[in-house]
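*Asks:* Coordinates for the following, if possible.
(chains A, B, C and D)
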2 protein chains.
Amino acid sequence: MSERKASGDSGRATIRHVAERAGVSVASVSRVLSGNYPVSEELRRRVMKVVRDLDYVTNAHARSLAGGGTPTVAILINNITGAAFTHVAKGVEGAASLRGWLSLVGTTGDDPERELALVNLMRQQGVAAVILLGGAYDYEEYQLRMARFARSLDAAGSHLVLVGRPPLEGDVPATTVDYDNEGGAYAMASHLLSAGHRRVLILPGHAELTTAQGRLTGARRAFEAYGVPFDPKMVLHGPYDYEHGYDAVEESLRLGLDFTAVLAGTDVVAAGAMQALRAAGLRVPEDVSIVGYDDIPLASQLTPQLTTVHVPYEEMGRVALRAVADRREGGGSRRKSGDGDHLVLGTHVVVRQSVQPPPVP
Amino acid sequence: MSERKASGDSGRATIRHVAERAGVSVASVSRVLSGNYPVSEELRRRVMKVVRDLDYVTNAHARSLAGGGTPTVAILINNITGAAFTHVAKGVEGAASLRGWLSLVGTTGDDPERELALVNLMRQQGVAAVILLGGAYDYEEYQLRMARFARSLDAAGSHLVLVGRPPLEGDVPATTVDYDNEGGAYAMASHLLSAGHRRVLILPGHAELTTAQGRLTGARRAFEAYGVPFDPKMVLHGPYDYEHGYDAVEESLRLGLDFTAVLAGTDVVAAGAMQALRAAGLRVPEDVSIVGYDDIPLASQLTPQLTTVHVPYEEMGRVALRAVADRREGGGSRRKSGDGDHLVLGTHVVVRQSVQPPPVP
DNA sequence: CTGAGGCTCGGAAACGTTTCAGAAAGCGTC
DNA sequence: GACGCTTTCTGAAACGTTTCCGAGCCTCAG
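*Replies:* Below you'll find the model as predicted:
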């Protein structure tokens, strides 16, 4: 805010300038602009004219300080470039702007320190809620860390919402919005098994990631349900990216692992796997079937189109925002403040073209 | 901000609470926390202890009002889900957080009204700059609209930065950061032509979009340079999405258009085109070559890997933020304030596997 | 004609910081 | 021993709004 009082006006116009120039009180200008109180048509016209002339805009900070202010939610995402959770952000933003709320997006880059810094920053901003997106590593530490965040935000009159993460244990003031991760994996694996596959390569994701653990558990349950022995050697952990999918399949092929299908933890991983298969001269789905998870646009753009699990990401964003709004509206008539909600949305398998019964040997 | 003075504390702790409890003045607490002034070790310890005990955080709005405050930039993007420009956002955010700046992201959804509302909202917030991402439709109106934005923000002590958009005409206080769009298209088309292609289907994008116009112009210049007649019937306009790529190729095939290569306006369009080609039983690149533009991750994940034009999106974001920071630091010693900069970054062709000489008939 | 009751509007007190102008205290110097 | 200078801290004035409280005016009934 460098000062430059040189030429005439200097700085931006304040409500006082408007008041003076219109020959009315500051209070009246505020009344006209906020529209919270009745004003005579004459006054309104006079003020609005000056407002337009001076190109005046209300200072949001001053307004927030004085009581008014637009409710704002902060969305914290680990990587704005990663496909899946940007859809959640989109959902939140859409729902927010529908209510006239403002939403900010911050990127943590999977760095705990940056995450902490951002949460604190948002707390300073006095946001209505901080919405954290994406799976969590290290369950124990996750619980501790989130509990701290939740209490800290709660004390500041804000609220913590966790999307795509497991619920918090104990009496922690936070809301979690998740999807039926394990159920989706169960259904997806069942789809593969019912097509006749018995030897399937599983790429659930990073071993420490709660999402990956859930997907693996779901798959294992399906194997049990079908009475198919589960071979831990067929499980390869790794990050949710294209390279991992590619490398894992390449490596498996090199080791001579015997499989007729790939159960990928993510559509992007599936894309990498598909590429590796093809590079090795194998056809999808004739020689090897392959399925993904998430149902991002990429899934229907691959050749063959990918059979995958649909996750209602955008809807999750909308639900998250509604939870915040409800809580805020609810105010005192809310049930005992301090306890959180845990909302779970359903998933379902989207059958496309990447699965076929295994080839007869 | 519902009041709940019931149990003890009530609301969040203010600097006054800290001051009283530590037995010092409000000013001293502020000094300790901001670190702008020297303080005795004793005082610092005493204050910090209370700060921790009360879990106090400064109110960002009050701070901004009083003069301090974290510089903030607003990133406005039309679709957070679209791949290319999220990388710009990432670049801005990275550079911003490196300086301790804050960045917000807003989504316009290509809606002019929403764009206007967001710009005004950001102006209220007193952001250091508003960074608008993505190509523009309707050049004339674009110039008018942006000039208005620029002047409005400038008057409010903020600054407008346009990324991936053409420079503004006249003396408008804005900075534009662009890439050599036409040059990239020229190089890409040349690559195709030098491989021997003569009949190429061009999918530059939406006819009104400045980006698309530049890409088409670049391609046309290459045709001229190679002395190859340019056939307007081989140009199909449409949005930058997968469906357009698919539909355009399908339609062309159905009309019996004769071509040996596709010059897509975007990697995503190329992906759609590739799929349509394959659905028609044509092989890429043996029967038809295909190239994209943008070099998003998808490009190297397609089969075959896509030859495309690399655009330094993330770098553009960093450059945009640096421009804002420079201008702010520069302050008065800057050359005549009011005129803007226009920065252009280079592009280059990334050769991968999707181009081959045309088949001999 | 007078007094009660509505409408509008203005004055001024918040809101929670930062920072300027001084005051108190400690120290060296003449 | 007094004066002036640092050093460290405090009181109070901004910053730009919103909103409570009350004053003036008009209308209408008695």
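
*Asks:* Surely A:Gly265 touches A:Tyr293?
*Replies:* Yes - contact status for A:Gly265 versus A:Tyr293: in contact at 5.8 Å, counting by CB atoms under 8 Å. (C-beta placed from N, C-alpha, C; glycine too.)

*Asks:* list residues touching both of those two?
*Replies:* The contact sets of A:Gly265 and A:Tyr293 overlap at A:Arg215 (CB atoms under 8 Å, 6 or more residues apart in numbering or on different chains).

*Asks:* what about these two, which has more around it?
*Replies:* Counting neighbours by other CB atoms under 10 Å in any protein chain shown for A:Gly265 and for A:Tyr293 shows that A:Tyr293 has the greater number, 33 against 29.

*Asks:* Could I get the contacting residues of that one?
*Replies:* Residues touching A:Tyr293, when contacts are defined by CB under 8 Å, 6+ apart, comprise A:184-185, A:188, A:215, A:264-267, A:270, A:308-309, A:311.

*Asks:* Now it: closest residue in space that isn't a chain neighbour?
*Replies:* Residue nearest to A:Tyr293 in three dimensions, not counting chain neighbours: A:Val309, with 4.7 Å by CB to CB, 6 or more residues apart in numbering or on different chains.

*Asks:* isn't there a strand covering the one you found?
*Replies:* Yes - in this structure, A:Val309 lies within a strand as judged by DSSP: H, G, I helix; E, B strand; the rest coil.

*Asks:* got the CA positions of the lowest-mean-pLDDT helix or strand in chain A in PDB?
*Replies:* Counting by mean pLDDT, DSSP states H and E, the weakest-scoring helix or strand in chain A turns out to be strand A:102-107, with a mean of 83. Output in PDB follows, covering the C-alpha atoms of strand A:102-107 (Å, rounded to 0.1, in the frame of the first residue of the first chain):
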ATOM      1  CA  LEU A 102     -16.800 -17.000  -1.500                       C
ATOM      2  CA  SER A 103     -14.300 -19.900  -1.800                       C
ATOM      3  CA  LEU A 104     -10.600 -19.900  -1.700                       C
ATOM      4  CA  VAL A 105      -8.300 -22.700  -2.900                       C
ATOM      5  CA  GLY A 106      -5.000 -23.500  -1.400                       C
ATOM      6  CA  THR A 107      -2.400 -26.100  -2.400                       C
END
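
*Asks:* Now do it: which elements does it pack against?
*Replies:* Under the contact criterion of 3 or more CB pairs under 8 Å, 6 or more residues apart in numbering or on different chains; DSSP states H and E, strand A:102-107 touches strand A:72-77, helix A:83-98, helix A:112-125, helix B:83-98, strand B:102-107.

*Asks:* What's the mean pLDDT across the fourth one?
*Replies:* Looking at helix B:83-98 alone, the average pLDDT works out to 90.

*Asks:* now do the first one
*Replies:* Across strand A:72-77, pLDDT averages out at 92.

*Asks:* hmm, who's touching that strand?
*Replies:* Strand A:72-77 is contacted by residues A:85-86, A:88-89, A:92-93, A:96, A:101-108, A:115, A:118-119, A:122, A:125-134, A:321, A:324 when judged by CB under 8 Å, 6+ apart.

*Asks:* now it against strand A:102-107, angle please.
*Replies:* The directions of strand A:72-77 and strand A:102-107 differ by 20 degrees, with axes from the mean of the first three to the mean of the last three CA atoms, to 10 degrees as the criterion.

*Asks:* Check the second one too.
*Replies:* Per the same axes, to 10 degrees, the angle that helix A:83-98 makes with strand A:102-107 is 160 degrees.

*Asks:* Flag every buried residue along helix A:83-98.
*Replies:* Neighbour counts using 16 or more other CB atoms under 10 Å in any protein chain shown place A:83-97 of helix A:83-98 among the buried residues.

*Asks:* gap between A:Leu257 and A:Glu251?
*Replies:* Relative to A:Glu251, A:Leu257 is positioned 9 Å away (CB to CB, to the nearest Å).

*Asks:* Which one of these two is surrounded by more residues?
*Replies:* Residue environment comparison for A:Leu257 versus A:Glu251 gives the larger neighbour count to A:Leu257, 15 against 12, counting by other CB under 10 Å.

*Asks:* low pLDDT regions in the stretch 51-200 of chain A?
*Replies:* In the prediction, the stretch 51-200 of chain A carries residues with pLDDT under 70 at positions A:80-81.

*Asks:* for DNA strand D, what are the nearby residues on it?
*Replies:* In this structure, the stretch 51-200 of chain A approaches DNA strand D at residues A:56-59, A:62-63, A:65-68, judged by CB under 7 Å from any atom of the strand.

*Asks:* Helices - which of those land there?
*Replies:* Secondary structure of these is defined by DSSP state H; positions in helices are A:62-63, A:65-66.

*Asks:* Nearest to B:Leu209 among the residues you listed?
*Replies:* The shortest separation between B:Leu209 and any of those is 37.3 Å, and it belongs to A:Arg63 (by CB to CB).

*Asks:* returning to what we had before: the least confident helix or strand of chain A to helix B:112-125, inter-axis angle?
*Replies:* Relative orientation of strand A:102-107 and helix B:112-125, computed by the same axes, to 10 degrees: 80 degrees.

*Asks:* residue ranges of the strands in the stretch 201-350 of chain A, please?
*Replies:* Under the criterion DSSP state E, counting those that start in this stretch, the stretch 201-350 of chain A carries strands at the ranges A:235-237, A:261-264, A:289-291, A:308-310, A:342-345, A:348-350.

*Asks:* So which of those strands is nearest B:Arg16?
*Replies:* Sorting these by CB to CB, the top spot, which is the nearest, belongs to strand A:342-345 at 38.0 Å.

*Asks:* what's the spacing between that closest one and its chain's center?
*Replies:* Distance, stretch centre to chain centre, for strand A:342-345: 14 Å (CA atoms, centre = their mean, to the nearest Å).

*Asks:* Identify each buried residue in it, please.
*Replies:* Per 16+ other CB under 10 Å, strand A:342-345 contains these buried residues: A:Leu343.

*Asks:* And that strand, what does it pack against?
*Replies:* Taking 3+ CB pairs under 8 Å, 6+ apart as contact, the helices and strands that strand A:342-345 lies on are strand A:174-179, helix A:313-330.

*Asks:* Can you say which of those is packed in most?
*Replies:* Sort these by mean neighbour count, taking mean count of other CB atoms under 10 Å in any protein chain shown, and strand A:174-179 sits at the top with a mean of 24.

*Asks:* same for that one, what does it pack against?
*Replies:* Under the contact definition 3+ CB pairs under 8 Å, 6+ apart, strand A:174-179 sits against helix A:139-155, strand A:160-163, helix A:313-330, strand A:342-345.

*Asks:* Adjacent strands (with direction) for it?
*Replies:* strand A:160-163 (parallel), strand A:342-345 (parallel) (DSSP bridges).

*Asks:* Beyond it, next helix or strand please.
*Replies:* Remark: after strand A:174-179, the chain's next helix or strand is helix A:181-194, criterion DSSP states H and E.

*Asks:* Check which helices and strands that following helix sits against.
*Replies:* Partner elements for helix A:181-194 (3+ CB pairs under 8 Å, 6+ apart): helix A:210-225, strand A:261-264, strand A:289-291, strand A:308-310, strand A:348-350.
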